[in-house]
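>>> Need coordinates for the following:
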Amino acid sequence: MNLPNKLTVLRIFMIPIFILVLVLPFDWGNWVVGETTLPITHLVAAIIFAVASITDWLDGKIARDQGLVTNFGKFADPLADKMLVMTAFILLVELDKAPGWIVAIIVCRELAVTGLRLLLVEGGEVMAAAWPGKIKTATQMVAIILLFINNIPFNLIGVPVDQILLYICLVATIYSGVDYFAKNTAVFKDSM
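Sure thing, here's the model as predicted:
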């Protein structure tokens, strides 16, 4: 197994650790910044999520730069990304840090685009990530981290960057989903 694939597998194994940190009754105390109190478990979860997100960027860069793209990587990398992001968003809803309706739209889009990718692969095509999808991913990653850490340090200046990024992510999610389907309508021609 090459390095990019090992990083992808590492990201998948980080997901249950991320979940356990948030759902097991750990009490590591709180971190207080200004007037904001943050459970240490939320900080640890944010760090785990950030490290996992960095492996997402790193495995793709290494695979492309060193010509290590594999079928396993083409399958497992986007799957690991979706699993990580959907897990984080669902836990944010449980913690009352993100509205369920936004997360429902994001999860539905992720599942729909994954289905589209499968149809395209079946037809011998690969759907590369486009800029709207990359913006969606970047805003998702940063919004998730800020939501877990109660918008620190931006809460000190009263700017809800976590919420702003969440809504930018929502718009980018919808736009990129529509964009992917609009550019790939041919895959549905024989079934309509």
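
>>> in the chain, which helix has the most residues?
helix 40-65 (DSSP state H).

>>> Would you tell me what the next helix or strand after that one is?
Using DSSP states H and E, the helix or strand that follows helix 40-65 towards the C-terminus is helix 71-94.

>>> now for that following helix, which elements pack on it?
helix 3-23, helix 40-65, helix 100-122, helix 131-148 (3 or more CB pairs under 8 Å, 6 or more residues apart in numbering; DSSP states H and E). From N, CA and C alone the C-beta is placed, and that goes for glycine too.

>>> ok, and what's touching the first one?
The set of residues external to helix 3-23 that reach it, using CB atoms under 8 Å, 6 or more residues apart in numbering, is 1, 41-42, 44-45, 48-49, 51-52, 55-56, 58-60, 62-63, 68-70, 72-73, 76-77, 79-81, 83-84, 87-88, 91, 95.

>>> List only those of those residues flagged as buried.
41-42, 44-45, 48-49, 52, 55-56, 59-60, 62-63, 73, 76-77, 80-81, 83-84, 87-88, 91 (16 or more other CB atoms under 10 Å).

>>> residue contacts, the residue nearest to the spatial centre of the chain?
In the chain, the residue lying closest to the centroid (CA atoms, centre = their mean) is residue 85, at 3.1 Å. Listed by CB under 8 Å, 6+ apart, the contact set of residue 85 reads 106, 110, 137, 140, 141, 144.

>>> is it true that residue 56 touches residue 77?
Yes - in this structure, residue 56 is within contact of residue 77 by CB atoms under 8 Å, at 7.4 Å.

>>> and residue 21, how many residues sit next to it?
Neighbours of residue 21 under the rule other CB atoms under 10 Å: 21.

>>> Show the low-confidence segments of this protein, by residue range.
Along the chain, the model assigns pLDDT under 70 to residues 128, 190-192.
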